[in-house]
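Engineer: below: sequence and its predicted model.
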Amino acid sequence: MSEASPETLTLRIEKPVAGGRMLARADGAVVLVAGALPGELVVARVERSGQGTRFARTVRVLEPSEDRVGEPNPCGGCVLAHARYERQLAIKQQIVQDGFARLARQTIDPPAIFPSPADGYRMRARLHVEDRRIGFFLEGTHTLCDAASTRQLRPDTHAALDALILALGTTADDVLAIELAENREATERAVHLEARADADTARLGSVTVPGITGISFSHPRSPRIHVVSGDGRVTDRFVRGEREWAVSRSASAFFQGNRYLLDTLVNHVVDRLGSGGGVTDLYAGAGLFSIAAAAHGLAPVMAVEGDPLSAAELRRNSAPWRGLIQARHAPVEDYVRDRRLVRSHTVLLDPPRTGLSRRGLEGTIALRSPRIVYVSCDVATLARDARAIVEAGYEMTELALFDLFPNTAHVESVVVFDLIG
């Protein structure tokens with residue numbers, strides 16, 4: 001590796017790292033390179049440096065990988081789009097293996113990974129609005145880029161969003177961002193408008209748009225959600241054998257975002273919750289896993305959610321399962337502190353990207369439930385927490401990956417921990 005100029009480096013790419021950049025070395029120092037693939041020889045321009053690491057972006061590929069399928073798309077959600085899909089999956093497996101080796105101190109085989117179609121996979125998204133244009137941000141910036149170029153949303157979704165901006169007219173200038181939610185079939189599509197701090201929300205009025213079944217808005221100075229037209233919620237219905245259930249949520253509520261793998265993920269998790277003894281679902285969200293567990297006869301189910309909006313959705317969704325599900329609005333840390341409340345065979349965890357807090361982790365371990373099922377979208381925090389769980393007397397008995405985010409470096413993991421002895 002040699003320095004071609006004060007601003008560029010010629011680098012041989014070694015391996016992927018979490019976040020989608022690739023690791024290379026220049027004179028022994030680490031360089032994290034965007035837009036490259038393992039094994040390639042590239043010229044990269046240094047963008048910034050920090051804590052002994054340089055961050056660079058590929059400007060020319062001298063020796064391309066056989067897995068390269070085009071030029072990188074800098075728009076959000078496309079960090080690996082220039083790699084053949086099968087190589088993307090292998091990269092994600094490698095990132096997970098590396099994370100567990102470094103942070104959990106566990107050597108694991110390449111975990112099984114469930115693939116997904118890449119076009120139109122997203123059933124929820126947050127889009128930004130600027131000058132009456134809708135889009136994602138370029139990676140690492142606040143510059144708007146064309147969301148359609150990423151192919152993450154369906155063509156009819158883009159058409160509906162364009163119609164929304166047209167219907168809003170000058171009122172679109174009062175909108176900062178749009179939260180989008182669809183059901184799997186896209187027969188229901190709700191949008192939530194996040195108004196700017198100086199917006200005149202009276203201008204939003206009553207707007208109806210073909211292809212959008214519900215429109216709502218909120219102002220940063222108030223937590224209240226105002227429904228403009230239609231129904232601000234969408235519903236997914238599930239059928240597995242003779243079992244049927246439904247989960248609804250608003251456009252602002254968290255929900256798994258991949259329409260193609262939603263059933264696969266839910267069924268996989270439910271099948272690992274045990275055959276009896278009850279389930280405690282921490283970070284239950286709108287009830288995606290809790291309601292599936294109740295529908296499969298795994299009651300009693302205790303569902304705990306700390307976010308007020310998601311907790312309200314959880315209460316609504318669990319109402320038809322009264323007696324089988326108990327929904328509780330409480331921070332997980334507070335709930336697990338009183339161990340008398342939790343007498344379940346299985347604890348299910350689906351925390352945010354930051355993973356478990358120290359109090360949440362310590363409280364969960366102290367429950368000594370025979371099984372912990374941990375659903376995670378971030379390998380670093382998962383591996384960190386996995387190390388603590390294993391050191392507390394559990395064995396990691398299964399790990400599977402779900403490619404909920406094609407063309408990105410993110411992957412969903414489901415880990416099963418069983419109490420030893």
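Structural biologist: All right, it came through fine.

Engineer: skip the chain neighbours and tell me the closest residue to Asp200.
Structural biologist: In space, and not counting its chain neighbours, Asp200 is closest to Asp174: 6.4 Å by CB to CB, 6 or more residues apart in numbering. Using the backbone N, CA and C atoms, a C-beta is placed for each residue, glycine as well.

Engineer: tally of neighbours for the one you found?
Structural biologist: 20 (other CB atoms under 10 Å).

Engineer: now do the contacts for it.
Structural biologist: Residues touching Asp174, when contacts are defined by CB atoms under 8 Å, 6 or more residues apart in numbering, comprise Ala195, Arg196, Ala199, Asp200, Thr201, Arg203, Leu204.

Engineer: where in the chain is pLDDT low?
Structural biologist: With pLDDT under 70 as the threshold, the chain has low-confidence stretches at 1-6, 205, 339-341.

Engineer: and the residue nearest the centre of this structure?
Structural biologist: Nearest to the geometric centre of the chain sits Cys377, at 5.6 Å (CA atoms, centre = their mean).

Engineer: please tell me I have it right and that one contacts Val414.
Structural biologist: No - at 10.8 Å, Cys377 does not count as touching Val414 under the criterion of CB atoms under 8 Å.

Engineer: for stretch 411-421, buried residues please.
Structural biologist: Neighbour-count burial for stretch 411-421, counted by 16 or more other CB atoms under 10 Å, picks out Val411, Glu412, Ser413, Val414, Val415, Val416, Phe417.

Engineer: next one: stretch 366-373
Structural biologist: Result for stretch 366-373 [16+ other CB under 10 Å]: buried residues Leu367, Ser369, Arg371, Ile372, Val373.

Engineer: can you confirm the last one is in a helix?
Structural biologist: Just to be clear, that refers to Val373. No - Val373 sits outside any helix when classified using DSSP: H, G, I helix; E, B strand; the rest coil, being strand.

Engineer: show me what it bridges to in the sheet.
Structural biologist: In this structure, Val373 has beta-bridge partners Leu348, Val416, where bridges are defined by DSSP bridges.

Engineer: contacting residues around it?
Structural biologist: Taking CB under 8 Å, 6+ apart as the contact definition, Val373 lies against Val269, Arg272, Leu273, Thr346, Val347, Leu348, Leu349, Val414, Val415, Val416, Phe417.

Engineer: and the gap between the third one and Ala299?
Structural biologist: Going from Leu273 to Ala299 by CB to CB, to the nearest Å gives 11 Å.

Engineer: shared neighbours, those two?
Structural biologist: In contact with both Leu273 and Ala299: Ala293, using CB under 8 Å, 6+ apart.

Engineer: I am finished for the moment; much appreciated.
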